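A.B. asks: what's the 3D shape of this:
(one chain, ligands or ions: 2)
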Amino acid sequence: MKMVMAVIRHERLQEVQDVLDECGVSGVTVTEVKGCGAQRGYTEKYRGTAVHISLRPRLKIEAVMRAEIVKTVVDKMAAAARTGEVGDGKIFVLDIEDAVRIRTGEHGAETVQHAERAMWGH
Ligand SMILES: Nc1ncnc2c1ncn2[C@@H]1O[C@H](COP(=O)(O)OP(=O)(O)OP(=O)(O)O)[C@@H](O)[C@H]1O
Ligand SMILES: [Mg+2]
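C.D. replies: Numbers count the residues shown, from 1 in each chain. Ligands and ions are numbered 1, 2, ... in the order given. Model (predicted):
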């Protein structure tokens, strides 16, 4: 299994969730975060003075999935999250050793896969 950890713009959440749903990923964790990339934030005028804002709000997306589908998911997520402007975000891929569905005690890849679309947000 792999975990896709992505940092995206708020306005791209629905499109990214739709990708995960299409690909049969069984769930997602979304966290409000702040971060910066290569531009190290941005500079804003406050009462005539230049103020450096180093961290901007973004969403962190964590989704664990079967290793076989991770390449497809990453490509589709990148397309869904892209505006073409700086600050579109990043996608990281991590190895996952195991997963447990607490209710049933099942382990492994069956716990992170859905047979049918759940139509999140629709
Ligand atoms: N190396 C990194 N490690 C952890 N988080 C990162 C890293 N790079 C970017 N991020 C996260 O992704 C968010 C968006 O990054 P961003 O898209 O600005 O990356 P970038 O490399 O500067 O690309 P671009 O030049 O297109 O802006 C950041 O606010 C931060 O939360
Ligand atoms: Mg940047």
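
A.B. asks: going forward, measure contacts and count neighbours with C-alpha atoms only.
C.D. replies: OK.

A.B. asks: residues in contact with the closest residue to residue 41 other than its chain neighbours?
C.D. replies: Excluding the flanking residues, the one nearest residue 41 by CA to CA, 6 or more residues apart in numbering is residue 54, at 4.1 Å. Contacts here follow CA atoms under 8 Å, 6 or more residues apart in numbering; on that basis residue 54 touches 35-36, 40-42.

A.B. asks: Quick one: mean pLDDT for the one helix or strand residue 18 maps to?
C.D. replies: For residue 18, the host element (DSSP states H and E) is helix 13-22. Averaged over helix 13-22, pLDDT sits at 97.

A.B. asks: try stretch 33-45
C.D. replies: Here stretch 33-45 scores 86 as its mean pLDDT.

A.B. asks: try stretch 105-116
C.D. replies: Rounded mean pLDDT across stretch 105-116 is 92.

A.B. asks: for that stretch, the distance to its chain's centre please.
C.D. replies: 19 Å (CA atoms, centre = their mean, to the nearest Å).

A.B. asks: distance between the ends of it?
C.D. replies: End-to-end span of stretch 105-116 (CA to CA, to the nearest Å): 22 Å.

A.B. asks: Kindly report the same for stretch 21-31.
C.D. replies: 18 Å.

A.B. asks: touching ligand 1 at all, it?
C.D. replies: No. Stretch 21-31 stays out of contact with ligand 1 when judged by CA under 6 Å from any ligand atom, the minimum separation being 11.3 Å.
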